[in-house]
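Visitor: Show me the folded form of this:
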Amino acid sequence: MKGRSARQVAEDWGIGASTVNAYVKNGSIPNLNIAHQIACREGVNLEWLATGRGEMLAIDEPMKPIFGISDVAESYAASNEMLEFYNEFVLIPGYRIQVSAGHGTNPLGGEEEPCRHLAFRRKWLKWRGFSEKDLAIVWAKGDSMEPTINNNDTLVVHLGRTVPQDGHIYVFRNGEELFVKRYQSMVGTWRLISDNKAYSMMDIKKEEQHQFQVIGQVVHIAKDLGN
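Guide: Reported below is the predicted structural model:
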């Protein structure tokens, strides 16, 4: 924590202050996604954070020589743990882009690099019939899709599904704005629906549809409950 308060650490790590207090006071352990998020925010190695082994800082250094049987055994065990991890999980790239569930928000321009990766079980991808190369993660902003999608929810987007189908939720682009809506097909019209009834539906006529790009279908929503 480097002398920071729980509230400051929570802001820096992108998690709730009560969650940080649970780690510090109650000995709770972060799940894999949160541990990876903390490691990325602090610039430390995930292996070091989880096991105490290896170098603390996530920097590129020449491999140091290993001396002694116990050191070799520890290194072998750590490498096996990482191998088991990658055999069981895939890391899906997350981008520092908030997809508006309101009136639209501007994403960062240019060739955006992933700001973090979240781990998903390979079994889940296989069960859903997904390929990891087709998936990306963004974050929701706003309340127009409540209660289905809340502010700051994590959205897994299937970038290969760009032909919208009735009833499903998609990320759309219009100019520099990205937003998430439920799609309904009408005669010659796209109807984009907000699950929050306080927001009006958007009807996009055929001659206007070329201005909109379907980025992909939202196939998974991850939520935080409480602080």
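Visitor: Give me the next element, helix or strand, following the worst-scoring helix or strand of the chain on mean pLDDT.
Guide: None of the helices or strands of the chain scores lower by mean pLDDT, DSSP states H and E than helix 69-88, at a mean of 58. Remark: after helix 69-88, the chain's next helix or strand is strand 89-100, criterion DSSP states H and E.
Visitor: same for the very next helix or strand once past that next one, what does it pack against?
Guide: Per DSSP H and E, the first helix or strand lying C-terminal to strand 89-100 is strand 116-121. Counting by 3 or more Cβ pairs under 8 Å, 6 or more residues apart in numbering; DSSP states H and E, the packing neighbours recorded for strand 116-121 are helix 32-42, strand 89-100. For the C-beta atoms, the positions are set from N, CA and C on the backbone; glycine is no exception.
Visitor: ok, now with 10 Å
Guide: Where contact means 3 or more Cβ pairs under 10 Å, 6 or more residues apart in numbering; DSSP states H and E, strand 116-121 is packed against helix 32-42, helix 69-88, strand 89-100, strand 135-141, strand 154-158, strand 212-222.
Visitor: For residue 183, find the nearest of those.
Guide: Residue 183 lies closest, by Cβ to Cβ, to one member of those: strand 212-222, at 8.5 Å.
Visitor: Would you mind listing the buried residues in the closest one?
Guide: With burial defined by 16 or more other Cβ atoms under 10 Å, the residues of strand 212-222 counted as buried are 212, 214-221.
Visitor: any idea which of those residues is closest to residue 136?
Guide: Relative to residue 136, the closest of those is residue 216; by Cβ to Cβ it sits at 7.4 Å.
Visitor: does that closest one really touch residue 134, like I thought?
Guide: Yes: using Cβ atoms under 10 Å, residue 216 is in contact with residue 134, at 8.1 Å.
Visitor: and for these two, which residues touch both?
Guide: 157-161 (Cβ atoms under 10 Å, 6 or more residues apart in numbering).
Visitor: re the thing from before, out of the buried residues of strand 212-222, flag the one nearest to residue 19.
Guide: residue 221 (19.3 Å).
Visitor: Tell me how far that closest one lies from residue 199.
Guide: Residue 221 sits 18 Å away from residue 199, taking Cβ to Cβ, to the nearest Å as the criterion.
Visitor: Same question for residue 118.
Guide: 28 Å.
Visitor: Compare these two (neighbour count), which wins?
Guide: residue 118 (21 against 18; other Cβ atoms under 10 Å).
Visitor: what's around residue 187, how many residues?
Guide: Counted with other Cβ under 10 Å, the neighbours of residue 187 add up to 5.
Visitor: start at 507 instead
Guide: Okay, using 507 as the starting number, the last item reads as residue 693.
Visitor: Which segments of this structure make up each domain?
Guide: 507-566, 596-728 (automatic domain parsing).
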